[in-house]
Each structure stands twice: as C-alpha cells, then as structure tokens.
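Q: kindly generate the corresponding structure for this input.
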Amino acid sequence: MSTDYGKRALIETAIGRYKGIIGRRLRATSFPAQQTEVAIGCAVLNRMTECARPEPVRCLASNA
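A: All right, here's what the predicted structure looks like:
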C-alpha cells in the first residue's frame, strides 16, 4: 500500500497558504458562487507564487 506522504504534505501546505492569505471562510452563500470564489482565490494565489519564484540564471564557468 502506497501512502504518498510527500504529495499529501504539498497539498496541506497549499491549503494552509490559501487559508493564510485568502482567508479561512468563504463569503459567498450559494454553491456556484463559492466555486467561483475559490477559483478566483486559487488564481490569485498562483499569480502571487509565480511572482515570488526566482528565475534561474546559468553562469558560465570560468577557467581560473
């Protein structure tokens, strides 16, 4: 039986980040509106994460 704890930890981290930044509660009352609210929250969180991710730069090794 495979437990996949690494994947679970990543998911729990993402949910914790969502709750910390977006909030613990949904403000919408109807289910379709709640789905839209969560989709917008995820899009905002993904954009914020993308902005904070450093861009890799390769340096050429010098012969010293």
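Q: which residues are in contact with Ile22?
A: 41, 44-45 (C-beta atoms under 8 Å, 6 or more residues apart in numbering). Where C-beta positions appear, they are placed from N, C-alpha and C, glycine not excepted.
Q: contacts for the longest helix that the chain contains next, please.
A: Scanning the chain for the helix with the most residues, using DSSP state H, yields helix 31-52. Contacts to helix 31-52, defined as C-beta under 8 Å, 6+ apart, come from residues 17-18, 21-22, 26-28.
Q: list the buried ones in that helix?
A: Across helix 31-52, burial judged by 16 or more other C-beta atoms under 10 Å covers 41, 45.
Q: average pLDDT across it?
A: Mean pLDDT, helix 31-52: 93.
Q: where does Ile15 sit relative to Ile22, distance-wise?
A: 10 Å (C-beta to C-beta, to the nearest Å).
Q: kindly report the same for Ala61.
A: Taken as C-beta to C-beta, the span from Ala61 to Ile22 is 43 Å.
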